[in-house]
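Q: need the 3D shape of this:
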Amino acid sequence: MSALTLAVVSGGLSVPSSTRLLADRLTGAATAALADAGREVTVQLHELRPLAGPIANHLVTGWPSPALGAALEQVSGADALIAVSPVFSASFSGLFKSFFDLLDPGALAGKPVLIGATGGTARHSLALDHALRPLFAYQRALVAPTAVFAASEDWGGTGDPHTDTLPTRIERAGRELAALLTAGGVRPADDHRQPTAPVLGFH
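A: Predicted coordinates for the structure are as follows:
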């Protein structure tokens, strides 16, 4: 049985980044759950901060740099995706959105996706369901039921009766992604990609 490929996109803008930390924790939970299911996983990590310039150039020229082209190709070809963005003004970052605008139409159709976000306070947590989940639903991805938001107080905190602790939510989300992946995300038969036409229509 061949190894599965898991693409991880971290939209963190700082170094070190809580967004990258959450992406790493979600990746660990998903790979552990897949290992329990007897599946080997190859992880492909993509941090967007170093790609900010190439992403902006691609949006205006239509041509990716080699590094950006490789990242887009790996995300499109992966068996599953973990995508984590910082939250600004109650939504994903512009850099995060711009990267996914550049994927070919249908690139995420049928692909299991686990979404996460980070922010200063829990007030931003609704961005997961009001911004990130609709973005990936528009792209016809199979989004895991549990989306994980990490506020500053969540790191090392005890959570509350409604949200559980951050480690509990991370573990549950990882198991859900593994279940979607081992069940087999199937791409629609009419999925015809158009490599020269970036998706820019979601606002």
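Q: what about His130, neighbour count?
A: Around His130 there are 11 other residues, counting by other Cβ atoms under 10 Å. C-betas here are computed from N, CA, C, even on glycine.
Q: the nearest residue to it once chain neighbours are set aside: neighbour count?
A: What sits nearest to His130 in space, not counting adjacent residues and going by Cβ to Cβ, 6 or more residues apart in numbering, is Ala90, at 7.2 Å. Number of residues near Ala90 (other Cβ under 10 Å) recorded here: 13.
Q: the helices in this protein, which residues?
A: Using DSSP state H, the helices found in the chain span residues 18-36, 52-61, 66-77, 94-101, 127, 133-138, 166-183.
Q: out of those helices, nearest to Glu153?
A: helix 166-183 (9.6 Å; Cβ to Cβ).
Q: report the buried residues of that closest one.
A: 166, 169-178, 180-182 (16 or more other Cβ atoms under 10 Å).
Q: cool, and stretch 50-58?
A: Buried positions in stretch 50-58, judged by neighbour count with 16+ other Cβ under 10 Å: 51, 54-55, 58.
Q: please state the offset of that stretch from the chain centre?
A: With Cα atoms, centre = their mean, to the nearest Å as the basis, stretch 50-58 stands 18 Å off its chain's centre.
Q: now for Leu132: which residues touch it?
A: 83, 85, 92, 115, 117, 147 (Cβ atoms under 8 Å, 6 or more residues apart in numbering).
Q: Gly116 is in contact with the last one, correct?
A: Think Ala147. Yes - if you go by Cβ atoms under 8 Å, Ala147 and Gly116 touch, sitting 6.6 Å apart.
Q: circling back: just the contacts of Leu132 now: which is nearest Ser18?
A: Ala117 (10.2 Å).
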